[in-house]
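Colleague: Build the 3D model from these lines:
(chains A, B and C)
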Amino acid sequence: MAKTNPGRFFEDYTLGQVIEHAVPRTVGSGERALYHALYPARHALYSSDEFALASGLPQSPLDDLAAFHVVFGKTVPDVSLNAVANLGYAEGRWLKQVYAGDTLRSTSEVIGLKQNSNGKTGVVYVRTRGMNQRDEVVMEYVRWVMVRKRDADAPAPETVVPELSKVIDPADLVIPEGLDFSRYDFAQAGESHRWGDYAVGETIDHVDGVTLEEAEHMMATRLWQNTAKVHFDATFRPDGQRLIYGGHIISLARALSFNGLANAQMIVGLNGGAHANPAFSGLTVKAWSEVLDKAETSAPGVGAIRLRLVATKGGTPFALKGEDGKYLPDVLLDLDYWALMPT
Amino acid sequence: MAKTNPGRFFEDYTLGQVIEHAVPRTVGSGERALYHALYPARHALYSSDEFALASGLPQSPLDDLAAFHVVFGKTVPDVSLNAVANLGYAEGRWLKQVYAGDTLRSTSEVIGLKQNSNGKTGVVYVRTRGMNQRDEVVMEYVRWVMVRKRDADAPAPETVVPELSKVIDPADLVIPEGLDFSRYDFAQAGESHRWGDYAVGETIDHVDGVTLEEAEHMMATRLWQNTAKVHFDATFRPDGQRLIYGGHIISLARALSFNGLANAQMIVGLNGGAHANPAFSGLTVKAWSEVLDKAETSAPGVGAIRLRLVATKGGTPFALKGEDGKYLPDVLLDLDYWALMPT
Amino acid sequence: MAKTNPGRFFEDYTLGQVIEHAVPRTVGSGERALYHALYPARHALYSSDEFALASGLPQSPLDDLAAFHVVFGKTVPDVSLNAVANLGYAEGRWLKQVYAGDTLRSTSEVIGLKQNSNGKTGVVYVRTRGMNQRDEVVMEYVRWVMVRKRDADAPAPETVVPELSKVIDPADLVIPEGLDFSRYDFAQAGESHRWGDYAVGETIDHVDGVTLEEAEHMMATRLWQNTAKVHFDATFRPDGQRLIYGGHIISLARALSFNGLANAQMIVGLNGGAHANPAFSGLTVKAWSEVLDKAETSAPGVGAIRLRLVATKGGTPFALKGEDGKYLPDVLLDLDYWALMPT
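Modeller: All right, here's what the predicted structure looks like:
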């Protein structure tokens, strides 16, 4: 029997199944520095221990999206090795900050299964949790992917499609213990715009762009131990291109959004997201945001803001979908998240 | 009103104005490792904690140029976003070493203004200071840039051109507290040449070369949170090239100068510098040095050496300017600095 | 006299000569993170402090091959600057783990010399040792290279060819103090295959591939302060290609071998190795392994496994040499090593 991992096929998943993912990973100041080298990340809370201390945190945490990538990367060999498409995210919440020295591991629970009518593929819904070395859940999210069947004749499982919130109720967002923006230093943070300055419906063109490089997306994707062949092996696709990990575009767009949203410091909720079109080396990524909602929180000086973050490879800012309701060809990412901002 | 940073134009600067730059940054062992990955840096004091301890320092500091890049990077959104040209440096001094865990921030004071005769641009002179979390100034330098006017009809400010030293008086160089080269290990440092072995006027061809890569200069420039679009966005210039941050060439040339100047350990003064020609990915950078001056210091076993460091993209070593007094097309950088060396 | 390093020529080596290599290097969490960014490394012992603790180690060590690269890199300016070919390795043993904060240096002893019949080159055999800041030998290996003579008329030294073990006797492998795999967590490690599941003669196709990038191999090679011009300077070879450091291919192949050998955790012996063909950017590297031998050890739950690790740029897995006994053109690396595995 081959000793390599063939990945799971649709008929290998059962409702309620809990998959413990390998490999645990200790993160440190190296991962933090690499995040700053790979993305134009500038949010002050993740750049400066002093800024984090002044905000009530013990030190600067690992970027929330880096924590997400580490947790996500572990699921790839078990969930998406035979995936045809990454269909969506929902109910993502950051529950504990990750600090240098923490060791992360992940588990996924199968919460839904639906065979497609063609009989060749099916949709698997998993709720993934990332845990630290104290078994505290640092984040969780739901993801659903389309997976190939090994054997088209295998019987279809009972269809169970989980009911997922379209938006996380702001009351369910977890504010980091001790977070306090009441003495927030706007000059050091880079912009003067506070929570009260943003209006629902407002759009922001983040102006800056980054041209994608093979070495950069591969280093990032490897750093999170994401093993999907298609990101690393140019001989894998017929067109000889390496498909860029969708999470690379998420982190890049989020970092670009600093210019106009410098005070949207922490990501606490992931309402949904779509990788609208594939990204390849050589494209220049730009980003724009739309304010979808706002909510108060119980933490001193801390407001929540719901943002749509769109990454494009060109085109007109603020254009998202065509008349047919489909994403425009220039759109790479449509992400819906909650962030925390000084009021 | 747009929430993104439009950058300052010439008429936005006033004499004596002090600009506090965002974003504070904590540096650690990750930044140190990345510096060694991005440049062929081998100076022993920055490579080995043991070597630094034996030289009277508490541990190996962050490379002096990395400290410079972090301090410099913060000034870009406020000083050079609308700059047409980076014209010069002067009076740069390193005052305190930066160690893992330190958090740096920067301020700039406008010390000179001169509108150009075309009425469309002007020259801004700033003195920039980098501070650590104890409000100690870790380094300072003067830089002047040509900046566009927003409105050509805006009145010209009174012309003030600061008097700047062409060379830092060696008596004004700050020697790190405790620095002692009296038990210096030349074998471990890599070369036997001591301060006494270098003669004023001597030139050294550093022989080695490095071919520039997009991913490398972008990672370096991002790591210092330098946000200038032209370094990252291939669609920004009509020729589709990404202009490489001048500081990348400075660090590369300095690292190449190890071969022949392995004992020019610490940079303590920046007398001046010119980015003679732009650098792009694919060029192969070589370097040569000229000994401009030597001075004694009060620290045990420590001499100061003034060096001209020239980076080229080819051509004959030691050729700098043409008969017209202009830099030759192959010259990328002409830097004039003071370093500390075992006597 | 030129102050740059001309490198040693064949006649500069004498039997018994001990060369102390520059520059000492402190490694930390930055080097560890970069190793994970540059290679798809997933072995749990090197990824997780918790996993290392549960295996009896104080924390997760620096990857064994990273330690090898640091020790090796220092020898380049003294041993292989004028080398024509890297001919072989033998008797490599890892003796002490390297942890964040350790400072490494290297020495080499000349143990053999043999002038070639053409009179223009000769073979130099060195035994290299890497030491930490407590003067403990962390690893040692023998390497032999073909080096140019400065002067073809220089007299040949007495020929001494050292007798080198073809294979390290398993009894001579050094098992890390305290190592205990009796409570090994196979689920977290990523595979269920234990030492007992591997049969001598068994072959494993590691399936995954990585396409080589200039920025990645240069960053890796620089990180180990390997100064060989041919890796960095595209103008050095007539074909304008940068030759990739053989160690980069070793680390890449080893990381790829996780898929099928996830539990071959620690490398403790290097029996031999050949860089069969040169590697360049753009090639896609794949890997396969063959189980050459197995041995028991005295440590609880720990077995030793001798593996052949082959890196290729394509071709059929498990094909190594042609009928002429020469490596096939697709083979990049043939490495013979001992690893430790849970029984």
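Colleague: Need the CA coordinates for stretch A:6-18. CSV is fine.
Modeller: Only the C-alpha atoms of stretch A:6-18 are listed here, as CSV (Å, rounded to 0.1, in the frame of the first residue of the first chain):
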residue,chain,number,x,y,z
PRO,A,6,-4.0,10.1,-1.4
GLY,A,7,-6.3,12.7,0.3
ARG,A,8,-10.0,12.0,1.2
PHE,A,9,-12.7,11.6,-1.4
PHE,A,10,-16.3,12.5,-1.0
GLU,A,11,-17.4,9.1,0.2
ASP,A,12,-14.7,9.2,3.0
TYR,A,13,-16.6,11.9,4.9
THR,A,14,-19.4,11.1,7.3
LEU,A,15,-21.6,13.5,9.2
GLY,A,16,-20.3,14.2,12.7
GLN,A,17,-16.8,12.9,11.8
VAL,A,18,-14.0,14.8,13.6
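Colleague: Give the buried residues for that stretch.
Modeller: A:7-13 (16 or more other CB atoms under 10 Å in any protein chain shown). C-beta: built from backbone N, CA, C; applies to glycine.
Colleague: Same check on stretch A:106-126?
Modeller: Using 16+ other CB under 10 Å as the test for burial, stretch A:106-126 gives A:106-115, A:121-126.
Colleague: How far does it stretch from one end to the other?
Modeller: This stretch, stretch A:106-126, spans 12 Å end to end (CA to CA, to the nearest Å).
Colleague: And chain C, is it touching that?
Modeller: No: on the criterion CB under 8 Å from any CB of the partner chain, stretch A:106-126 is out of touch with chain C, staying 10.1 Å away.
Colleague: May I ask which helix or strand of chain A has the lowest mean pLDDT?
Modeller: Across the helices and strands of chain A, mean pLDDT, DSSP states H and E gives its lowest value to strand A:83-94, namely a mean of 93.
Colleague: and that strand, what does it pack onto?
Modeller: helix A:64-75, strand A:121-131, strand A:137-148, strand A:266-275 (3 or more CB pairs under 8 Å, 6 or more residues apart in numbering or on different chains; DSSP states H and E).
Colleague: Any chance you could list what contacts that strand?
Modeller: The contact list for strand A:83-94 (CB atoms under 8 Å, 6 or more residues apart in numbering or on different chains) reads A:64, A:67-68, A:80, A:121, A:123, A:127, A:138-148, A:164-166, A:168, A:172-174, A:246, A:266-275, A:337.
Colleague: need the residues of the stretch 151-300 of chain A near chain B, please.
Modeller: Going by CB under 8 Å from any CB, the residues of the stretch 151-300 of chain A near chain B are A:187-191, A:193, A:197, A:204-211, A:213-216, A:219, A:259-262, A:284.
Colleague: In strands, which of those appear?
Modeller: A:204-211, A:284 (DSSP state E).
Colleague: Would you mind giving the residues you listed as CSV with distance to residue B:58 added?
Modeller: Putting those into CSV (distance: CB to CB, whole Å) gives the following:
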residue, distance to residue B:58
A:204, 45
A:205, 47
A:206, 41
A:207, 42
A:208, 38
A:209, 42
A:210, 38
A:211, 41
A:284, 44
